[in-house]
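[1] what shape does this take:
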Amino acid sequence: MHDSADFPRVLHYSPFTQLSGANRSMLTLVRALAKRGPVFVLVSADNAVAQEARRTGAIVQCVYKGQDIPNTRFSLLQHLLRPYRSLRQAWALFRAARRHKVQIIHAHSAYANRFAWPVARFLGIKLVTHQRDIYREDYFHTGLGHAEAIIAISDAVLQSLPTKWHVRSRVIHNAVAMPNTVPPLLPEDRIPVIGAAGRCDDNKGIDLLVEAAVAILATHQAEFNVWGVSEEEANPVATRIYDVLRRCDPTIRQRIHLHPFRNDIEEFFRAVDVVVVPTRYREGFGRMAAEAMSYGRVVLASRVGGLPEVVRHGHSGLLFVPNDLKDLVAAITNVLADRELMIKLASAGREDAANRFGPAVHADSVAVVYREVLGQGQAEADQVPGVNSSRAGPST
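    Next comes the predicted model:
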C-alpha cells in the first residue's frame with residue numbers, strides 16, 4: 001500500500017549485474033520507497049538483481065532479456081562492442097523513463113551516471129546520482145557534475161568530490177535491512193568463527209586475512225569462513241592464498257574454509273561470530289561492516305575511507321591499521337580472548353545499525369533530496385535525521 005499519491009516518480013537505475021554492495025544498497029532503498037509510491041527499476045539483466053527488485057514490489061525492466069549481458073571470448077570484439085552496449089543501456093534508460101513518465105532518474109553509481117545524464121538532459125528531467133566510491137577524475141566518473149544532486153555515502157566520499165559540487169551534495173549513509181531475529185553470538189556448542197566476504201582481489205585484502213588466520217590458529221581455537229575465493233579463479237590473489245594454505249600445517253588448513261562468491265550473504269552472517277573487513281583501499285562506506293552490525297556480529301575493520309564513520313572504534317567494533325598483518329592479528333586475538341568484549345561490541349553495533357542505518361530513516365533522507373531537486377522542499381533537510389547537506393559543513 002502506498003502512503004502518498006504525490007510521491008515523486010523515480011526510475012532507479014544500475015547497470016551492475018552482481019548482487020554486490022551497490023545493488024544491495026539500491027534494493028534496500030527501493031524496498032522502503034515502494035511503501036510510499038510506485039517505484040520503477042531498470043537493471044542490466046534478468047538475474048538475481050532483477051528478481052530481488054521484483055520482490056520489493058517495484059516495477060522492473062531489464063536492458064537484456066537473458067540472465068547476463070551477452071559476452072564474447074574475443075577481447076578485440078569485446079572492445080568493439082563497448083559503444084554498442086553503451087548505446088543499448090542509454091536507449092533502454094530513455095524508453096523506461098518515457099514509458100513511466102518519471103520526474104527523476106536516480107543513478108545508483110558514478111558508472112550508471114555516465115549513461116543517465118545524457119538521457120536526463122535530453123528528456124528535461126532531473127538526475128540524482130549516488131556516489132558510492134572515492135571520486136577520481138577518470139573515465140568511470142565522466143559526467144558526474146551534470147547531476148542536480150549527488151548523494152555521497154560518507155563524509156570521506158564527500159570530501160573527495162570537487163569543491164564546486166559540494167553545494168549540490170549531501171552525505172546520506174547507506175541503509176541496511178535489519179533482521180527481526182539474529183542467531184546467538186558464540187553458541188556453546190562450537191568454537192568461535194571468524195569470517196570475511198568479498199571479491200578476491202588486492203583491494204579487498206582477503207589474502208591478508210588468510211595470512212592472519214594461519215598465524216592465529218597456531219595458538220587459538222577458532223575457525224575461519226571466507227567467501228569469495230575459488231580455486232578455479234586464475235588471479236594472483238587466489239594463487240597467493242592457496243600457496244599460503246599449501247605451506248601451512250594440515251591441522252590449521254582444515255579450519256580455514258574457502259567458498260566462491262555467493263548471493264545469499266545473509267547465510268554468511270548467520271554462520272560467523274566475527275566479521276573482518278580487511279580492505280586495503282578507501283572504501284566509500286563499508287556496507288559489509290554495517291550489515292554485520294545489523295546481524296549483531298562483532299566487526300573488525302580497516303581504518304580507511306568511510307569505515308571509521310560506520311564502525312566506532314571501541315564502541316561498535318574495532319579498527320586496525322590497513323594492510324598491517326600484525327595489527328590485524330592483534331585485533332582478532334583481542335576479541336577471541338575477551339568474550340564480554342565481543343558481546344558488548346556486537347550489542348552496541350546492532351543498536352548503532354538500527355539507529356543510524358535503518359531503511360526508513362534512509363528513505364526519508366533520500367525523499368528530501370527528490371523534493372529538493374523538484375523545488376518542493378528546500379527546508380526539509382534540516383528536519384530529517386541522517387541528511388547532511390554539505391552547505392552546513394561536513395559530517396562528524
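
[2] mind listing the strands for this structure?
    Using DSSP state E, the strands of the chain run over 10-14, 39-43, 59-62, 104-107, 126-131, 149-152, 169-171, 193-197, 223-227, 256-259, 274-277, 298-302, 318-320, 388-389.

[3] give me the residues contacting the third one.
    Residues external to strand 59-62 that are found in contact with it (CB atoms under 8 Å, 6 or more residues apart in numbering): 38-46, 50, 53-54, 92, 96, 100. Using the backbone N, CA and C atoms, a C-beta is placed for each residue, glycine as well.

[4] kindly recompute the last result at 6 Å.
    Strand 59-62 is contacted from outside by Phe40, Val41, Leu42, Val43, Ala45, Asp46, Ala50, Ala53, Arg54, Ala96, using CB atoms under 6 Å, 6 or more residues apart in numbering.

[5] and those, which two are furthest apart?
    With CB to CB as the measure, no two of the contacts of strand 59-62 lie farther apart than Phe40 and Ala45, at 17.0 Å.

[6] confirm for me that Phe291 is in contact with Ala177.
    Actually, residue 291 is Glu rather than Phe. No: Glu291 is beyond contact range of Ala177, at 8.1 Å (criterion: CB atoms under 6 Å).

[7] in TSV: the strands of the chain, plus distance to Lys344, mean pLDDT and mean neighbour count.
    Converted to TSV, the strands of the chain look like this (distance: least, CB to CB, whole Å; pLDDT from 0 to 100; neighbours: other CB atoms under 10 Å):
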stretch	distance to Lys344	mean pLDDT	mean neighbour count
strand 10-14	37	97	26
strand 39-43	39	97	26
strand 59-62	42	96	19
strand 104-107	38	98	28
strand 126-131	33	98	26
strand 149-152	31	98	26
strand 169-171	28	97	23
strand 193-197	18	96	24
strand 223-227	22	96	22
strand 256-259	27	94	17
strand 274-277	13	98	28
strand 298-302	9	98	28
strand 318-320	11	98	23
strand 388-389	28	56	21
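
[8] to Ile265, which of those strands lies closest?
    Closest to Ile265 of those, according to CB to CB: strand 193-197, at 6.4 Å.

[9] measure stretch 38-52 end to end?
    16 Å (CA to CA, to the nearest Å).

[10] if we can go back for a sec, want to throw the strands of the chain into TSV with distance to Val119?
    Shown next, in TSV, are the strands of the chain (distance: least, CB to CB, whole Å):
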stretch	distance to Val119
strand 10-14	9
strand 39-43	11
strand 59-62	14
strand 104-107	7
strand 126-131	9
strand 149-152	16
strand 169-171	21
strand 193-197	34
strand 223-227	36
strand 256-259	39
strand 274-277	35
strand 298-302	37
strand 318-320	41
strand 388-389	27
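
[11] quick one: closest of those to Val368.
    Closest to Val368 of the strands of the chain is strand 169-171 (CB to CB; 8.4 Å).

[12] mind listing what that closest one pairs with, with the direction of each?
    If you go by DSSP bridges, strand 169-171 pairs up with strand 149-152 (parallel), strand 388-389 (antiparallel).

[13] low-confidence ranges in the protein?
    1-5, 67-83, 233, 377-396 (pLDDT under 70).
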